[in-house]
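# Coordinates only, no sequence provided:
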């Protein structure tokens, strides 16, 4: 039976709990997230139950390849974030934000324009006993300020978004922020612009990707 159309963040929490289960992403077994086991059902339910509220697709319900690679890298290289102020741009499930906290960041802001994603981040942060701040503000609308490190996972999948993200990254680098990117070189990834730090073979699902193992890298801007 379909649940009633959510009208508040409390209802969004119920929606998340009803349509996901706690799963550890394959590359990051230290972290558990509320994730969808199949893509089509939650995509359909999001359209049916949340569509009237103009909610974006449920990208937050999946541990994408770039996010898994970036989270793995952060956990394996904690000195990069120890004591740092971190922005997770387009945070989705909150995987990389949670990894940043676990890696020793002193403050982590997870930014996503999807209000349901922010509810998922709060739930996932609590499950992993981590403190993550959230914002629904479109931070791409202005140059970044107040962050030592900016982390970006899987945001180069649409042309307009990719252009805005690249501009934001360039501003961040000029202002002295370190920028780390997890991406399997999706369609609008700016090839030749970043330095590759480490490569991973990330287990994913064919429902979302073109293979069961996605070759993915962590990159540094600058």
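Received the coordinates, thanks. No experiment lies behind these values; they were computed from the predicted model shown.
# right, and the helix or strand after the helix ranked longest in the chain?
If you go by DSSP state H, the chain has its longest helix at helix 159-174. Sequence order places strand 178-183 as the next helix or strand after helix 159-174, per DSSP states H and E.
# Paired strands for that next one, with orientation please.
Strand 178-183 has its sheet partners listed here by DSSP bridges as strand 149-153 (parallel), strand 213-221 (antiparallel).
# Would you mark the buried spots in the longest helix of the chain?
162, 165-166, 168-169, 171-173 (16 or more other C-beta atoms under 10 Å). The C-beta positions use only the backbone N, C-alpha and C, and glycine is treated the same way.
# can you check stretch 29-43 too?
Buried residues in stretch 29-43, defined by neighbour count with 16+ other C-beta under 10 Å: 31-36, 39, 42.
# Which of the residues you listed fall in strands?
Per DSSP state E, strands hold the following members of these: 33-35.
# Kindly indicate which of those residues lies nearest residue 118.
Checking these against residue 118 with C-beta to C-beta, the nearest one is residue 34 at 12.9 Å.
# contacting residues around residue 81?
Residue 81 sits next to 74, 100, 103-105, 149 when contact means C-beta atoms under 8 Å, 6 or more residues apart in numbering.
# mind checking pLDDT for the spatially most central residue of the chain?
Nearest residue to the geometric centre of the chain (C-alpha atoms, centre = their mean): residue 91, 3.3 Å. Listed pLDDT for residue 91 reads 98.
# ditto for residue 210
According to the prediction, residue 210 has pLDDT 79.
# what's the distance between it and residue 187?
12 Å (C-beta to C-beta, to the nearest Å).
# about what we covered before: Serialize the buried residues of helix 159-174 to a markdown table and add fields for distance to residue 110.
Output for these, formatted as a markdown table (distance: C-beta to C-beta, whole Å):
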| residue | distance to residue 110 |
| --- | --- |
| 162 | 20 |
| 165 | 16 |
| 166 | 20 |
| 168 | 15 |
| 169 | 17 |
| 171 | 19 |
| 172 | 16 |
| 173 | 21 |
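# For residue 178, state which of the ones in strands among the buried residues of stretch 29-43 is nearest.
residue 33 (25.0 Å).
# dump the residue contacts of that closest one.
When contacts are counted by C-beta under 8 Å, 6+ apart, residue 33 is found next to 22-25, 63, 93-95, 124, 127.
# Excluding covalently adjacent residues, which one is nearest to residue 208?
Spatial nearest neighbour of residue 208, excluding adjacent residues (C-beta to C-beta, 6 or more residues apart in numbering): residue 39 at 5.6 Å.
# contacting residues for the one you found?
Residue 39 touches 62, 205, 207-208, counting by C-beta under 8 Å, 6+ apart.
# filter those residues to the buried ones?
Members of these classed as buried by 16+ other C-beta under 10 Å are residue 62.
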